[in-house]
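> no sequence on this one, just coordinates:
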């Protein structure tokens, strides 16, 4: 009987060294400390960096709204959440943290930063289990310098919690699907790969699927946008199941090639059952949705897509970024895509195990299985950024078409999948650089790429350029602070409140409900903090907490004071028209970033002035 002829890729990979891949000793790790310690240090560094980035930053409307809801009793919190746009889990978690923070904004934000650190730790452990320690270690700097992730990690919204649940769900998924590396007892790092059956007991698999179902339900109770992540998981699982069926029909050896390969659908059924108690409220939110934020216009053309990538990598919009930097972002995306395609193509040149006459032994089949699982894992990581982003873009494009140019896309929505962007970039460059050295079961195809000098050098250069670019973006995010890319401004209500008097004799009046909520936390202890609106406040939407509030002032003529401070915006051109009253004359203006405070006195105190008098103007940067 003639020996089977190995593929060109496998022969070339093994021929470069007298020692077969499986028998090679492990090279020294990238970091001189054990991987668990380095992963914990990276997670702690991410937590600290996000907390420092948000230290002393002013709150804006969405964050203030979170604090208003978290300050309510639980039944009232649930009721108000049911008439708004988001589920209640994050608000309940924030409420449990508030007694520890004692009203300190930086301490309140620490909760979100801790969630972000936990998300990064989960992601690193998953990368280690999927691709080995060297790939995980090369992804650490990208995650640590991910400014977009750090920026929305400290914001008092549900984004960091959604990131954690998305990574936890993916971690449970890859373990339930059985594509992680099984390490021998006492083995300090992956590889050589152990047989897949060593830890694939039915009870363990069932436990992972149960955990995944719970995480999916928790994600939907935190942020509805996580549905894009769960949908991506479902698409990936469906593709694997279809391929498994085809292998089974063609004589393959994998046991999941029958209907058993579709059992993962039961996990989604279980998650829907867990979500059912909140389902009526979710349906009511969709039917009676009422956004109080300014409408988003014309964001999703090609310029809008480039704008989103520029913001995520460099912290600047397409209009702000220099042309060379914008081209650099495009080059990074193309380099990552090219590296992924090259790695996938190289791996696919290994022999198919469905050829019954090739005489492939058990170890070769193990290698083939490991190669396919690693490519499947790489595909999942890429999909977790590409698919949700594409769906958001398409959804917004449809909304713009249906609503006369008003869409729903906001770049902050991409924060949920931001960790997977940095991971995609890291894996795309790290796999060709590390495969064949210390991967769990070295892929012969990718080992060829690693030994191709030009490709290896280009990949290394692309990795360094990407890291420098992301680091520059983190610096920009740190300088810009709590900048809103939707409003294109930076909130300054915290600094402004330190210069504004609020008392019974000198009330502070917000020009409308939005402005009132935008500065609520800084005047929450002042009983004379009011907002101006002649009409009733809606009972649904973001203004629902103010419905029937005693803080509402229908007319400034009803104000029982000789003077007050009006809260408005720096870009407003005519503040006096907001008053709808000739009883007051302006005495001063103070501005901080996006916010402005205008002081007024009764006209009768200035009989020599014709109302409204405009004098004593001053500006604080």
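Yep, it's here. Quantities reported herein were computed from a predicted structural model and do not represent experimental measurements.

> Now do the helix or strand that residue 97 is a member of: distance to the chain's middle.
Following DSSP states H and E, one finds residue 97 within helix 89-101. Chain-centre distance of helix 89-101: 20 Å, with C-alpha atoms, centre = their mean, to the nearest Å.

> Which positions in it come out as buried?
89-95 (16 or more other C-beta atoms under 10 Å). Backbone N, C-alpha and C define where each C-beta goes, glycine included.

> For the helix or strand just after it, name the packing helices and strands.
Once helix 89-101 ends, the next helix or strand along the chain (criterion: DSSP H and E) is helix 105-131. Using 3 or more C-beta pairs under 8 Å, 6 or more residues apart in numbering; DSSP states H and E, the elements in contact with helix 105-131 are helix 35-54, helix 89-101, helix 133-144, helix 147-154, helix 159-177, helix 362-402, helix 418-434.

> Make CSV out of the buried residues of helix 89-101 and add distance to residue 219 and pLDDT.
Below are the buried residues of helix 89-101 laid out as CSV (distance: C-beta to C-beta, whole Å; pLDDT from 0 to 100):
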residue, distance to residue 219, pLDDT
89, 9, 97
90, 11, 97
91, 15, 97
92, 15, 97
93, 13, 97
94, 17, 97
95, 19, 96
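
> So which elements touch the helix holding residue 97?
helix 61-70, helix 74-82, helix 105-131, helix 159-177.

> tell me which element residue 566 falls in.
strand 563-569.

> Mean confidence (pLDDT) on that strand, please.
When pLDDT is averaged along strand 563-569, the result is 93.

> Then stretch 308-325?
89.

> tell me which residues in it are buried?
308-318, 321, 325.

> got a list of contacts for that stretch?
When contacts are defined by C-beta atoms under 8 Å, 6 or more residues apart in numbering, stretch 308-325 is touched by residues 147-148, 151, 303, 306-307, 326, 329-330, 332-333, 389, 411, 414, 418, 421, 469-470, 472-474, 476-477, 480, 485, 488.

> follow-up on the earlier one: wait, which of the helices and strands packed on helix 89-101 is closest to residue 403?
Residue 403 sits nearest to helix 61-70 of all these, at 21.7 Å, using C-beta to C-beta.

> What angle do helix 159-177 and the closest one make with each other?
Relative orientation of helix 61-70 versus helix 159-177 (axes from the mean of the first three to the mean of the last three C-alpha atoms, to 10 degrees): 80 degrees.

> So what's the gap between helix 61-70 and the chain middle?
The answer for helix 61-70 is 19 Å, by C-alpha atoms, centre = their mean.

> That one packs against which elements?
helix 74-82, helix 89-101, helix 513-518.

> quick check: mean pLDDT across the last one?
So that's helix 513-518. 95.

> Packing partners of it?
By 3+ C-beta pairs under 8 Å, 6+ apart, helix 513-518 packs against helix 61-70, strand 529-532, strand 563-569.

> where does the stretch 251-400 of the chain dip in pLDDT?
251-260, 288-300, 346-371 (pLDDT under 70).

> And the strands in it, which stretches?
With DSSP state E, counting those that start in this stretch, the ranges of strands along the stretch 251-400 of the chain come out as 296-297.

> quick one: the helices in it?
Taking DSSP state H, counting those that start in this stretch to define them, one finds helices in the stretch 251-400 of the chain at 265-275, 279-287, 302-314, 323-347, 362-402.

> For residue 41, find the nearest of the ones you listed.
That would be helix 362-402 among the helices of the stretch 251-400 of the chain, by C-beta to C-beta, at 22.6 Å.
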